[in-house]
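[1] below are the sequence and a predicted model for it; my questions follow.
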Amino acid sequence: MSRLLTGFCLLGLFGFAALQPAQAGVVVGGTRIIYDGAKKEASIPVKNPDKTAPFLIQSWIEGYPNDSAEKAPFIITPPLFRLDAGKENIVRIVRTGGNLPEDRESVFWVNIKSIPASEASDQNRLLISVKTKIKLFYRPAALKDGAADAYKQLTFKTQGSALSVNNPTPYFVSFDSIKVGGTALQSPGMIALNLP
């Protein structure tokens with residue numbers, strides 16, 4: 001009897017939670033952008049699933065890592081636009097020149113900031129801007145194939161209690177998970193190039 005009562009209570013709570021309005025934000029259509037050097041541009045969709053509120057979208061590209069003084073040789077367009085409720089827009093990235101290596105990938109940050117709309121009556125309301133930061137990989141035209149198999153060429157070596165990885169490929173390799181001795185590493189991330 002108590003299990004049945006507990007089940008009904010949980011069902012009621014889940015049903016009540018489903019009735020609460022969901023506050024949706026801006027959705028960026030990808031976790032990374034691969035800019036094919038043989039093409040004129042790369043693009044990524046930005047969608048506002050909210051049915052009532054528009055957002056102001058600001059986007060820019062910066063060097064990788066964050067403290068890089070290097071100016072990114074790309075422009076992003078449109079850099080600032082209004083994204084109405086329930087709408088989608090495409091953000092385009094165009095190379096503007098720059099001296100990028102043509103024998104290996106280069107990586108940059110794409111920043112997309114969503115700023116919620118506010119009204120004069122919202123004086124005592126907290127509005128939070130959210131910045132989505134994703135990697136932009138510039139892949140030169142000469143590097144047509146091989147990115148999917150780059151992980152096979154990585155070599156792993158332990159040095160004391162540390163694990164070092166050698167990446168002799170011209171590609172950046174990202175991992176979702178890595179296990180060493182049956183133990184998962186926390187946030188394995190991206191393996192950079194070891195090329196000269």
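    Right, received. Where do you want to start? Numbering: from 1, shown residues only.

[2] could you list the low-pLDDT ranges of the protein?
    Across the chain, the ranges flagged by pLDDT under 70 are 1-24, 66-69, 120-123, 195-196.

[3] domain parsing for it?
    27-139, 147-191 (automatic domain parsing).

[4] got JSON lines for those, with mean neighbour count too?
    To be clear about C-beta, it is placed using only N, CA and C from the backbone, and glycine gets the same treatment. Listed next are the domains of the chain as JSON lines, based on neighbours: other CB atoms under 10 Å:
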{"stretch": "domain 27-139", "mean neighbour count": "15"}
{"stretch": "domain 147-191", "mean neighbour count": "12"}
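
[5] just the helices in the chain please.
    2-19 (DSSP state H).

[6] what's the closest non-adjacent residue to the residue positioned nearest the centre of the chain?
    Nearest residue to the geometric centre of the chain (CA atoms, centre = their mean): I134, 2.9 Å. Computed as CB to CB, 6 or more residues apart in numbering, the closest residue to I134 that is not its neighbour in sequence is V110, at 5.2 Å.

[7] contacts for stretch 79-89?
    26, 45-60, 78, 114 (CB atoms under 8 Å, 6 or more residues apart in numbering).

[8] any idea how far D176 lies from P168?
    According to CB to CB, to the nearest Å, D176 stands 22 Å off from P168.

[9] now Q58
    Using CB to CB, Q58 is found at 39 Å from P168.

[10] before we move on, what about R92?
    Relative to P168, R92 is positioned 33 Å away (CB to CB).

[11] please name the bridge partners of A184.
    K179 (DSSP bridges).

[12] so it touches F175, yeah?
    No - the pair A184 / F175 is not scored as a contact, 10.7 Å apart, by CB atoms under 8 Å.

[13] from the chain's centre, how far out does stretch 99-109 sit?
    Remark: stretch 99-109 is offset 18 Å from the chain centroid, using CA atoms, centre = their mean, to the nearest Å.

[14] can you check stretch 37-55 too?
    In terms of CA atoms, centre = their mean, the centre of stretch 37-55 is set 13 Å apart from its chain centre.
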